[in-house]
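Undergrad: quick one, fold the following:
(4 chains)
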There are 2 protein chains.
Amino acid sequence: MSAASTSSRDRIIEASIAILDGSGEDGLTFRALSERLATGPGAIYWHVPNKGDLLTAACDAIIARAMNAPLVGATPQAIIRTLALGMFDAIDAHPWVGSALTRAPGQLPMVRILERIGRQVSALGVPDEEQWATVGALLNYILGVGAQNAANGQLGRTRGIDRSDFLDAVATTWSQLDPDAYAFTRSMAAHLRGHDDRRDFLAGIDLILSGIEASRRL
Amino acid sequence: MSAASTSSRDRIIEASIAILDGSGEDGLTFRALSERLATGPGAIYWHVPNKGDLLTAACDAIIARAMNAPLVGATPQAIIRTLALGMFDAIDAHPWVGSALTRAPGQLPMVRILERIGRQVSALGVPDEEQWATVGALLNYILGVGAQNAANGQLGRTRGIDRSDFLDAVATTWSQLDPDAYAFTRSMAAHLRGHDDRRDFLAGIDLILSGIEASRRL
DNA sequence: ACCTGAACACCGTTCAAGT
DNA sequence: ACCTGAACACCGTTCAAGT
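TA: Numbering: from 1, shown residues only, chains lettered A, B, ... in the order given. I've put the predicted structure just below:
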């Protein structure tokens, strides 16, 4: 627990996060990593078993910070909203976390989120046999948004276009779709441009929360 | 529209689906693909611009079949349930579709789902300015489950363990977590073994649907 | 117009050899 | 105990050359 000392493994993970933030998932390479750490590719394998585990460890470092933030909120609902927003902001700042999360099912990063949200679902009074499905709904929704954010970030980097240019391009494509076959999608093209991701994310959380409350009243 | 003729591109996509189903995402290689098609790797590039687009095209073929199935259901809610289950079953049969979907945001596969679900959300009477967030909640939830299914399938293949062995391993790990720090996760370990993914998936859809209905009543 | 297959510039991972 | 760096077995993609 000596906060001062930093192990080789910690340095590897920190360097990985820096590379992932700067160059995305494709940028994280054992060669790039070893260059940054002024060592050989083989050295890293002494501390980390493979690339998948390295990505999960980097992901876990981010999730741990987000989930250990102090929880303000009077009600379980308010705390769930705070936790969900914490996840959104973490993934927004580190888009690669969104895809890293889904690739490590049942592992530590996911468990941290499961635990935090699960306790609030329990506090909400959801009966035991419904808790798993209820937490799952919240978790999978957060995961879906996260994965989508990750994909957008990745696309933006590889094609060198920023977010609003990308949304513009999608909106244009949508508005040129067949009016009969894609009436709804066309009607959404306009919304696409100006919409606030964070606000929409929270609206989804609120929808699930009110669904939980409605179920409780039956 | 001559259904009898099959273009080279169609043959490439069919072969890709066969490889993806049999060997997973890592198995889809331009070399493996060209071998199956009895041609050279370069030939494929005449019909498909790159691997990403190939994956999206294969994904779209699966999604198109699922979304074009005849819709039975008296109410918009019932139709949404049918559509969602269609997605679940498609991803269950082709796990790679789950991750391919998230990697093609705003593109055709996603638009097909958006359109089908969006129309029902509209039929539900959700006001225009809430439709985007509402469809997004359903879509992102489905996406999250799909991505998780894809990851499970991938993990199962690379580590050569089947689903129930994997769940067993996760349940064992969870039950050995710290009792104070991970009380909720530990209590879920038992549920993990016997749970029915498809039923839980539908429970999540119903939670969102009842959340939508509750919002409408305000 | 479409196909061939060698070649290029990379990967993750291993492993003998060092300190 | 930990690091080095060459080597192995792959990738996606390109492109001159063919038909």
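Undergrad: is any part of the helix ranked longest in chain A close to chain B?
TA: Secondary structure of chain A read by DSSP state H shows that its longest helix is helix A:128-159. Yes. Counting by C-beta under 8 Å from any C-beta of the partner chain, contacts between helix A:128-159 and chain B involve A:128, A:130-137, A:139-145, A:147-148, A:150-152, A:154-155. In short, each C-beta sits where N, CA and C put it, glycine included.
Undergrad: how about that helix: buried residues?
TA: A:130-157 (16 or more other C-beta atoms under 10 Å in any protein chain shown).
Undergrad: neighbours of the closest residue to DNA strand C within chain A, just the number please.
TA: Residue of chain A nearest DNA strand C, by C-beta to the nearest atom of the strand: residue A:42 (3.0 Å). By other C-beta atoms under 10 Å in any protein chain shown, 9 other residues sit near residue A:42.
Undergrad: ok so, going back, and the next element down the chain from the longest helix of chain A?
TA: The first helix or strand that comes after helix A:128-159 along the chain, using DSSP states H and E, is helix A:163-175.
Undergrad: flag every buried residue along that next one.
TA: A:166, A:167, A:170, A:171, A:174, A:175.
Undergrad: what's that helix packed up against?
TA: The contact analysis (3 or more C-beta pairs under 8 Å, 6 or more residues apart in numbering or on different chains; DSSP states H and E) places helix A:163-175 against helix A:128-159, helix A:183-194.
Undergrad: now those as CSV including mean pLDDT?
TA: Output for the helices and strands packed on helix A:163-175, formatted as CSV (pLDDT from 0 to 100):
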stretch, mean pLDDT
helix A:128-159, 94
helix A:183-194, 93
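Undergrad: helix, strand or coil for the residue of chain A most remote from its centre?
TA: Distance from the C-alpha centroid of chain A peaks at residue A:180, with 35.4 Å (C-alpha atoms, centre = their mean). Following DSSP: H, G, I helix; E, B strand; the rest coil, we place residue A:180 in the coil state.
Undergrad: relative to residue A:188, how far out is it?
TA: Using C-beta to C-beta, to the nearest Å, residue A:180 is found at 16 Å from residue A:188.
Undergrad: again with residue A:200
TA: Taken as C-beta to C-beta, the span from residue A:200 to residue A:188 is 12 Å.
Undergrad: intersection of neighbour lists for the two?
TA: Residues touching both residue A:200 and residue A:188 by C-beta atoms under 8 Å, 6 or more residues apart in numbering or on different chains: residue B:132.
Undergrad: what residue in chain A comes nearest to DNA strand D?
TA: Counting by C-beta to the nearest atom of the strand, chain A gets nearest DNA strand D through residue A:42, at 1.4 Å.
Undergrad: just give me the neighbour total for residue A:10.
TA: So residue A:10, with other C-beta under 10 Å, has 13 neighbours.
Undergrad: ok now the helix or strand it falls within, how far from the chain's centre?
TA: Assessed by DSSP H and E, residue A:10 sits inside helix A:8-27. For helix A:8-27, the separation from the chain centroid amounts to 17 Å (computed by C-alpha atoms, centre = their mean, to the nearest Å).
Undergrad: so for residue A:3, what's the pLDDT?
TA: Model confidence at residue A:3, given as pLDDT, is 44.
Undergrad: try the one 4 residues further on
TA: Turning to residue A:7, the model gives it a pLDDT of 88.
Undergrad: Three-state assignment for the closest residue to it other than its chain neighbours, please.
TA: Of all residues not flanking residue A:7 in the chain, residue A:47 sits nearest, at 8.0 Å (C-beta to C-beta, 6 or more residues apart in numbering or on different chains). At residue A:47 the chain is in coil, as set by three-state DSSP.
Undergrad: residues touching residue A:47, list them.
TA: A:7, A:8, A:9, A:12.
Undergrad: pop the domain breakdown of chain A in here.
TA: Following automatic domain parsing, one gets these domains for chain A: A:1-49, A:62-217.
Undergrad: start to end distance for the last one?
TA: Start to finish, the residues bounding domain A:62-217 are 37 Å apart (C-alpha to C-alpha, to the nearest Å).
Undergrad: is that domain positioned near DNA strand D?
TA: No. Using C-beta under 7 Å from any atom of the strand, we find that domain A:62-217 stays clear of DNA strand D, coming within 9.7 Å at best.
Undergrad: returning to what we had before: near DNA strand C too, which of the buried residues of helix A:163-175?
TA: When contact is defined as C-beta under 7 Å from any atom of the strand, the buried residues of helix A:163-175 do not meet DNA strand C at all.
Undergrad: so which of these comes closest to residue B:59?
TA: residue A:170 (17.1 Å; C-beta to C-beta).
Undergrad: next, give phi and psi for the closest residue to the closest one other than its chain neighbours.
TA: Ranked by C-beta to C-beta, 6+ apart and with sequence neighbours excluded, the top spatial neighbour of residue A:170 is residue B:106, at 3.8 Å. Torsion angles at residue B:106 (phi, psi; degrees, to the nearest 10) stand at phi 80, psi 0.
Undergrad: residue B:106: neighbour count?
TA: Around residue B:106 there are 20 residues (other C-beta under 10 Å).
Undergrad: surely it meets residue A:163?
TA: No. Residue B:106 is beyond contact range of residue A:163, at 11.8 Å (criterion: C-beta atoms under 8 Å).
Undergrad: on that earlier part again, could you measure from the residue of chain A closest to DNA strand D over to residue A:12?
TA: Taken as C-beta to C-beta, the span from residue A:42 to residue A:12 is 13 Å.
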